[in-house]
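**Q** Starting from these lines, generate the structure:
(4 chains)
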There are 2 protein chains.
Amino acid sequence: MATAADSRTPSRLRSTPSWLITHLAKQVGQLQAAAFADGEWRRYHYALLAALEEFGPASQAALGRRCQIDRSYVVEAINELSDQGLVVRVADPTDRRRNTITITEAGAQRLHQLGETLDEVQDSLLAALSPEERGHLVRLLTRALEHHTHPPAETP
Amino acid sequence: MATAADSRTPSRLRSTPSWLITHLAKQVGQLQAAAFADGEWRRYHYALLAALEEFGPASQAALGRRCQIDRSYVVEAINELSDQGLVVRVADPTDRRRNTITITEAGAQRLHQLGETLDEVQDSLLAALSPEERGHLVRLLTRALEHHTHPPAETP
DNA sequence: CCCTAATGTTGGCTCGGCCAACGTTGACCC
DNA sequence: GGGTCAACGTTGGCCGAGCCAACATTAGGG
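**A** Below is the predicted model:
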């Protein structure tokens, strides 16, 4: 008895940005999981492929920095990507510590496929918002995030 | 060599709402962890106390629904809260399946303490945004979220 | 030449979210 | 009244992600 009335969220939470953000992130997780239920998909694949396509071949460490992924996860993800032929891993002759990762033709295709599916995810995520509002939201989120990734200025 | 140049995020990611949201959520996690480094703190404590204060005593299941927490986590969290005397768990005489959870005076105090610390977290989270922008962000996030929690209308 | 730092890789820890199971108990209906 | 179904609290497990430590190899700078 009472599943309607007692499911109201405390106002303290509804007005707290961090709560809203973490819960929206939960929604993101579910929507992505649903969209990629097929199987072959890791959250990071898209990020890595995107970085490779935009900036060209790079070392694993550089990829991790760009996508903000831990080095250990880069290893796994690149393994999977290269198993599928979406990416090529070659030892860098000029620096024998590094591997040079290069995106393949198939990788670029997959990137675009994933991109389309991801677009649909965004659509259902932000279904309640108009295009202008979505743009606004993206700008606000971007500014908030950038403030943490490059700390803007010291106050000495 | 090159930690500055190769740390640029792919534009595909920067413009993807889901990516922004999950990464902001990561920031939330770190900021909260830093703010509550003292120890005695679970992500859920605040939510549960807030629900109890706003809506009065409730069963564990109702709390879970309100805060969107899994029943299993409610058990743990209520254990911890009652160990600290912030909450009282009594068997409901009218329905012997239920426990009635009630917030104590100490619990209310703790709620407000946590609230203040949380406010600081919001401040540093959204440091890059003006008060108006923060309000705007909250409204946008709220609308996006509500669309998923109460699905608005069916399209028959 | 030595010391530091970066790289790729492996492994482990923790937390959150999710789901399954179970025994107990209420509600509902024939 | 008995039987069925649903809710409740509780325990347990699985999986994904973030984080950090360690290690051997290799570059680079003093």
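**Q** got the contact list for the residue positioned nearest the centre of chain A?
**A** The centroid of chain A falls nearest to residue A:47 when counting by C-alpha atoms, centre = their mean (5.5 Å). For residue A:47, the contacting residues are A:67, A:69, B:10, B:13, B:19, by C-beta atoms under 8 Å, 6 or more residues apart in numbering or on different chains. (C-beta placed from N, C-alpha, C; glycine too.)
**Q** Restricted to helices, list the residues you listed.
**A** The helices, defined by DSSP state H, take in A:67, B:13, B:19 from the contacts of residue A:47.
**Q** picking up where we left off before, any buried residues in the helix or strand hosting the residue nearest to the centre of chain A, and which?
**A** Assessed by DSSP states H and E, residue A:47 sits inside helix A:43-55. Of the residues in helix A:43-55, A:43-52, A:54 count as buried by neighbour count, 16 or more other C-beta atoms under 10 Å in any protein chain shown.
**Q** Please convert those to a markdown table, extending it with pLDDT and distance to residue A:33.
**A** Below are the buried residues of helix A:43-55 laid out as a markdown table (pLDDT from 0 to 100; distance: C-beta to C-beta, whole Å):
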| residue | pLDDT | distance to residue A:33 |
| --- | --- | --- |
| A:43 | 81 | 10 |
| A:44 | 88 | 14 |
| A:45 | 93 | 14 |
| A:46 | 94 | 14 |
| A:47 | 95 | 16 |
| A:48 | 96 | 19 |
| A:49 | 96 | 19 |
| A:50 | 96 | 20 |
| A:51 | 96 | 23 |
| A:52 | 97 | 24 |
| A:54 | 96 | 26 |
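**Q** Quick one: name the residues of chain A near DNA strand C.
**A** Residues of chain A found near DNA strand C (C-beta under 7 Å from any atom of the strand) are A:1, A:22, A:26, A:29-30, A:59-62, A:64, A:71-72, A:74-75, A:78, A:89, A:97-99.
**Q** which of the residues you listed count as buried?
**A** A:22, A:26, A:59-62, A:64, A:74, A:78, A:98-99.
**Q** mind listing the strands for chain A?
**A** Using DSSP state E, the strands of chain A run over residues A:87-91, A:99-103.
**Q** Just want the angle from the biggest helix by length in chain A to strand A:99-103.
**A** Using DSSP H, we find that the single longest helix of chain A is helix A:105-125. In terms of direction (axes from the mean of the first three to the mean of the last three C-alpha atoms, to 10 degrees), helix A:105-125 departs from strand A:99-103 by 70 degrees.
**Q** related to what we said a few turns ago, right, and the strands of chain A - which one's nearest residue A:143?
**A** Judged by C-beta to C-beta, the one of the strands of chain A that comes nearest to residue A:143 is strand A:99-103, at 29.9 Å.
**Q** if I look at residue A:55, how far off is residue B:10?
**A** Using C-beta to C-beta, to the nearest Å, one gets 7 Å for the distance from residue A:55 to residue B:10.
**Q** which neighbours do the two share?
**A** residue A:66.
**Q** Assess the claim that residue A:81 and residue A:46 are in contact.
**A** No. Counting by C-beta atoms under 8 Å, residue A:81 does not reach residue A:46; the two are 10.6 Å apart.
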